[in-house]
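In: Predicted structure and sequence below. I'll ask about it afterward.
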Amino acid sequence: MGSGKTTLGRKLAKKLGYKFIDMDRYISGISGMTIPGIFSEYGEELFRKWESDVLKEIIKEEQVVVATGGGAPCHHDNMELMNQNGLTLYLRLTPESIRDRLVRSRNERPLIKGKSGKELLVYITELLQKREKDYMQSGLVVDGINPDVEQLVENIRTYRLPGPPHPRPE
């Protein structure tokens, strides 16, 4: 949440000539609801199920950069699924950096709605502590403050999935 997944994802997709999918927008599009609306009406548990179902469809695509929601890697064995089917990136930031970005953000985020700056920092710190073990399973851990897009593009272009050779576009 607030790490820059969508912004970096768009840049990477453009440089690679790949399709870009923001999972939250994808889910909103197929459900006809906003993410806050889904959380409000159906709760987080159902949202996480939908998120996992959508991920299982998206991974079938080739040449795609996907920005998942911040919780996606932490539910329903999604991280394992993503690692088996592509290169995963964790945009690592400090809790303070994330808080500052979220305070400036215009997006409504259901998990932080109504929190003050101090409450937000405590929440983000606790959330990162819970999620870090999942995030650290990523194929690449990237500085979220100033990611080197050119280096990431090179890493993606040379990446090979585990197992038998898989054709990858140059």
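Out: Now that the structure is in, tell me what you want to look at.

In: residues contacting the residue nearest to the spatial centre of the chain?
Out: Nearest to the mean C-alpha position of the chain, by C-alpha atoms, centre = their mean, lies Thr68 at 3.0 Å. When contacts are counted by C-beta atoms under 8 Å, 6 or more residues apart in numbering, Thr68 touches 5, 23, 51, 55, 78, 82. Any C-beta I mention is one placed from the backbone N, CA and C, and that applies to glycine too.

In: and of those, the nearest to Ser116?
Out: Lys5 (24.8 Å; C-beta to C-beta).

In: Hmm, Ala67 and the closest one touching each other?
Out: Yes - under the criterion of C-beta atoms under 8 Å, Lys5 makes contact with Ala67 at 4.0 Å.

In: Look up how far Met1 lies from Glu96.
Out: 14 Å (C-beta to C-beta, to the nearest Å).

In: now Ser40
Out: 17 Å.

In: So the two - more neighbours on which side?
Out: With neighbours defined as other C-beta atoms under 10 Å, Ser40 and Met1 compare such that Met1 has more, 19 against 12.

In: Name the residues of stretch 138-145 that come out as buried.
Out: Using 16 or more other C-beta atoms under 10 Å as the test for burial, stretch 138-145 gives 138, 142, 144.

In: with the residues you listed in mind, which one is nearest to Leu12?
Out: Out of these, the member with the shortest distance to Leu12 (by C-beta to C-beta) is Val142, at 10.6 Å.
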